[in-house]
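Novice: okay, structure incoming, though there's no sequence with it:
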């Protein structure tokens, strides 16, 4: 079963690896998140080589259905969403997870 890694977990791991204080690592991580968010909200792509790329794309407007009232059409407006496209190195490393997942399902 997979584990969820939180921002706090990342801060602790990076702090232990680098020798920086947890507060310093937290500040850098928070600044990184803010810069990515600011760039994406300005419709700029964020590319982290070998990791992946974040891009803003637009969804088309469509008609949805309320499961409780399937006869009623619900208009869903167009909106901007963030898409992530993994880089080559990330794809290769994640692809190695499949044998582990199949073994743990048995």
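Specialist: The structure has been received and is ready for your questions. Fair warning: this is a prediction, and the values are worked out from it, not measured in the lab.
Novice: now the strands for the chain?
Specialist: Secondary structure of the chain (DSSP state E): strands located at 46-48, 52-59, 62-66, 69-76, 79-86.
Novice: would you reformat these as CSV and include mean neighbour count and distance to residue 13?
Specialist: In this view, the C-beta of every residue, glycine as well, is placed from N, C-alpha and C. Below are those laid out as CSV (neighbours: other C-beta atoms under 10 Å; distance: least, C-beta to C-beta, whole Å):
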stretch, mean neighbour count, distance to residue 13
strand 46-48, 14, 18
strand 52-59, 14, 20
strand 62-66, 10, 41
strand 69-76, 9, 39
strand 79-86, 11, 21
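Novice: closest to residue 10 out of these?
Specialist: strand 46-48 (14.9 Å; C-beta to C-beta).
Novice: show me what that closest one is packed up against.
Specialist: For strand 46-48, the packing partners by 3 or more C-beta pairs under 8 Å, 6 or more residues apart in numbering; DSSP states H and E come out as helix 22-41, strand 52-59.
Novice: check which strands are paired with that strand and give the direction for each one.
Specialist: strand 52-59 (antiparallel) (DSSP bridges).
Novice: how far does the strand it pairs with sit from the chain's center?
Specialist: Computed by C-alpha atoms, centre = their mean, to the nearest Å, the chain-centroid distance of strand 52-59 equals 11 Å.
Novice: so where is the chain shaky, pLDDT-wise?
Specialist: 1, 99-106 (pLDDT under 70).
Novice: next, name the residue at the spatial heart of it.
Specialist: Geometric centre of the chain, nearest residue: residue 84, 6.5 Å, by C-alpha atoms, centre = their mean.
Novice: against residue 50, how distant is that residue?
Specialist: Per C-beta to C-beta, to the nearest Å, residue 84 is found 14 Å from residue 50.
Novice: go on, residue 13?
Specialist: From residue 13 to residue 50 the distance is 19 Å (C-beta to C-beta).
Novice: and what of residue 27?
Specialist: From residue 27 over to residue 50 (counting by C-beta to C-beta), the distance is 24 Å.
Novice: could you do residue 5 as well?
Specialist: To residue 50, residue 5 is 19 Å away according to C-beta to C-beta.
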